[in-house]
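Asker: Predicted model and sequence below, questions to follow.
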Amino acid sequence: MKITLEPMNTGETEIIIRGDIASEEVSTLLSFINTSNNSGKLILYREDEQFLVNARDIIYLEACDGKVTAVTTEGVYSTKQKLYELKESLSAQPFAQINKGMLVNIDFVKSVSAEFSGNYTLRLKQSKETLTISRKYFKEFKSKI
């Protein structure tokens, strides 16, 4: 493997991999990059400020009208990432998708009850708020608990 480092003042680190991208060596390298880049923290926004928030403090993430909001123990924030990107980056964390537009932190779930429609109602700890788990995502939710 040949490694070339090129210093640049672009503000963002860029990684370019050239060669057989299907090789075991590249697969291992990508896995390492993804694991080391997943510190369990997210950059969230409120007004004009950026906040570094621990994933364990996020109660749920909700996508609505093209925007993703994060409800945390400290308040409501926005994020510039898409819900599917957050789901991927939080895969090592206790998050499960419960419907088309929502990821919930399993650690904040108090109870789950079945509804007549086949969906489920999820009740959060320390809150009277309830969320709906659709039938499509219940299996994924159940596998995370």
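Answerer: Yes, it's here. Numbers count the residues shown, from 1 in each chain.
Asker: Give me the buried positions along stretch 75-86.
Answerer: Using 16 or more other CB atoms under 10 Å as the test for burial, stretch 75-86 gives 77, 79, 81, 83, 86. Heads up, the C-betas are built off the backbone N, CA and C, glycines and all.
Asker: Would you pull up how far that stretch lies from the middle of the chain?
Answerer: Per CA atoms, centre = their mean, to the nearest Å, the displacement of stretch 75-86 from the mean C-alpha position of its chain is 8 Å.
Asker: Then stretch 85-95?
Answerer: Centroid separation between stretch 85-95 and its chain, computed with CA atoms, centre = their mean, is 4 Å.
Asker: So which residues make contact with it?
Answerer: In this structure, residues lying in contact with stretch 85-95 by CB atoms under 8 Å, 6 or more residues apart in numbering are 35, 38, 40, 42, 55-56, 58, 61, 68, 79, 81, 97, 103-107, 144.
Asker: for stretch 58-65, same thing?
Answerer: Contacts of stretch 58-65 with the rest of the structure, by CB under 8 Å, 6+ apart, involve 42, 68-73, 79, 82-83, 86, 95, 100-105, 108, 124, 131.
Asker: In ChimeraX, how would I select just the buried ones from those?
Answerer: Selection of buried members from the contacts of stretch 58-65 for ChimeraX, criterion 16+ other CB under 10 Å:
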select :42,68,69,70,71,72,79,83,86,95,102,103,104,105,108,124,131
